[in-house]
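[1] Take this sequence and fold it.
(4 chains)
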Number of protein chains: 2
Amino acid sequence: MTTPPLRLDDFLPYRLSVTSNLVSDRVASAYRSLFGLSVPEWRLVAVLAEADGLSQAAIGERTRMDKVSVSRAARALEGRGLVARLADAHDARARALSLTAAGRALHALVAPRAKAMEAAIFSCLDPAEAVQLKALLARIEASLTTGDRDLMRQADKK
Amino acid sequence: MTTPPLRLDDFLPYRLSVTSNLVSDRVASAYRSLFGLSVPEWRLVAVLAEADGLSQAAIGERTRMDKVSVSRAARALEGRGLVARLADAHDARARALSLTAAGRALHALVAPRAKAMEAAIFSCLDPAEAVQLKALLARIEASLTTGDRDLMRQADKK
DNA sequence: CACAAATGGTTTCAGTTGATACCAATATCG
DNA sequence: CGATATTGGTATCAACTGAAACCATTTGTG
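    Okay, here's the model as predicted:
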């Protein structure tokens, strides 16, 4: 035999996608049903709770969402009175986003739930394994965002 | 401090989603540009190469795609002459799908590329780590598809 | 055997998504 | 300074997705 036959079940991109989708669906439907938040909206709230007053561009960078998604999430949250979008002092185009009191209150409600969900979903791993997993994912992410072109050249060579 | 403050960057569902999306985008755009295949289409080809003559329902089960996606992928591939959909002898509703010669040829072309891509993307992990990662993902997947209700009850209690 | 329920597949429809084009403001450079 | 390129953000449009309705067939079950 020249090449081992490629079992789809062993194919890492496939495995990663399936697992991630399962987790995402779980989490997304919980946010939606408990708090009426979409995932992008929740990410925005979470990141603003960590660092208030960011521009939409900065938020996009941190959360790896494209600016369209950020824009939509921001407007939706503004509409619900959860974030305020103030004019930036130094740049008339930019809006500095920050959580309103209601937004902070919501975050205080969501955050513990999110943690509980994380704990439940990953309860099948012991803490050391969870750390391991995070580390592996981080390495992959880093290698995909920096090593970029080299990687693909390698793959395209055949 | 009562609760540690939930850093989004440390939140596993988020990490998983980001990494998986990066990998998926990479892989999807390669399939598309090299072979004109969407991810569902590629999955279908891959699974038929492993086990020919499956029904669409069976394919959906194996690949965790819903039946609409399978249907669309199947018709598209049939249109390109890559799979044949024969009438099932025992059930007039069902179609048994199998790769045509062209389909097998395409698979023979795509499979090594897919493996090369996998190798390139995960070149930042040594083999033992890759195995570890697969194992962790498999555990999570299993716990989400079997432990189901218990998990959510746990998360909802708080 | 008739009739209800379940199953394989397709169609339809509404919601989500991201690429692209776009507008306004700012930065850069001759 | 004025032209040009960039950047923050929005709007538009086409593609993708999945839920639900649907049709045809098959499988109970009385």
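
[2] switch to C-alpha atoms for all contacts and neighbour counts from now on
    Noted.

[3] show me where chain A has strands.
    All strands of chain A, identified by DSSP state E, fall at A:83-87, A:95-99.

[4] Centre-most residue in chain A?
    Closest residue to the average C-alpha location of chain A: residue A:63 at 5.4 Å, with CA atoms, centre = their mean.

[5] Tell me how far the residue nearest to it when sequence neighbours are not counted lies from residue B:8.
    Nearest residue to residue A:63 in three dimensions, chain neighbours excluded: residue A:43, at 7.0 Å (CA to CA, 6 or more residues apart in numbering or on different chains). The span separating residue A:43 from residue B:8 equals 8 Å under the rule CA to CA, to the nearest Å.

[6] circling back to that earlier point, single out the most deeply packed of the strands of chain A.
    Most buried of the strands of chain A, by mean neighbour count (mean count of other CA atoms under 10 Å in any protein chain shown): strand A:95-99, with a mean of 22.

[7] So that one, near chain B or not?
    No. Under the criterion of CA under 8 Å from any CA of the partner chain, strand A:95-99 makes no contact with chain B; the nearest approach is 15.8 Å.

[8] who's in contact with that strand?
    Strand A:95-99 has contacts (CA atoms under 8 Å, 6 or more residues apart in numbering or on different chains) with A:45, A:48-49, A:52-56, A:82-88.

[9] what mean pLDDT does that strand have?
    The average pLDDT within strand A:95-99 is 96.

[10] For the lengthiest helix in chain A, buried residues please.
    Criterion DSSP state H: the longest helix present in chain A is helix A:12-35. Residues of helix A:12-35 classed as buried by neighbour count (16 or more other CA atoms under 10 Å in any protein chain shown): A:12-24, A:26-28, A:30-31.

[11] Please save the CA atoms from stretch A:109-122 in CSV.
    Once side chains and other backbone atoms are set aside, the C-alpha atoms of stretch A:109-122 remain, and they are given as CSV (Å, rounded to 0.1, in the frame of the first residue of the first chain):
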residue,chain,number,x,y,z
LEU,A,109,-25.9,37.7,35.0
VAL,A,110,-24.5,36.0,32.0
ALA,A,111,-20.9,35.6,33.0
PRO,A,112,-21.5,33.0,35.8
ARG,A,113,-23.8,31.1,33.5
ALA,A,114,-21.2,31.0,30.8
LYS,A,115,-18.7,29.7,33.2
ALA,A,116,-21.1,27.0,34.5
MET,A,117,-21.8,26.0,30.9
GLU,A,118,-18.1,25.8,30.1
ALA,A,119,-17.6,23.7,33.2
ALA,A,120,-20.5,21.4,32.3
ILE,A,121,-19.5,21.0,28.7
PHE,A,122,-15.9,20.2,29.6
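
[12] gap between residue A:133 and DNA strand C?
    From residue A:133 across to DNA strand C, the span is 23 Å (CA to the nearest atom of the strand, to the nearest Å).

[13] returning to what we had before: so can I have TSV of the strands of chain A showing distance to residue B:130?
    Below are the strands of chain A laid out as TSV (distance: least, CA to CA, whole Å):
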stretch	distance to residue B:130
strand A:83-87	41
strand A:95-99	40
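
[14] I'd like the ones you listed as CSV, with distance to DNA strand D appended.
    What follows is those, written out as CSV (distance: least, CA to the nearest atom of the strand, whole Å):
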stretch, distance to DNA strand D
strand A:83-87, 8
strand A:95-99, 4
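
[15] between the ones you listed, which one is nearest to residue A:134?
    The closest approach between residue A:134 and any of the strands of chain A, judged by CA to CA, belongs to strand A:95-99 at 28.4 Å.

[16] and the closest one, is it in reach of DNA strand C?
    No. Using CA under 7 Å from any atom of the strand, we find that strand A:95-99 stays clear of DNA strand C, coming within 11.0 Å at best.

[17] No further questions, thank you.
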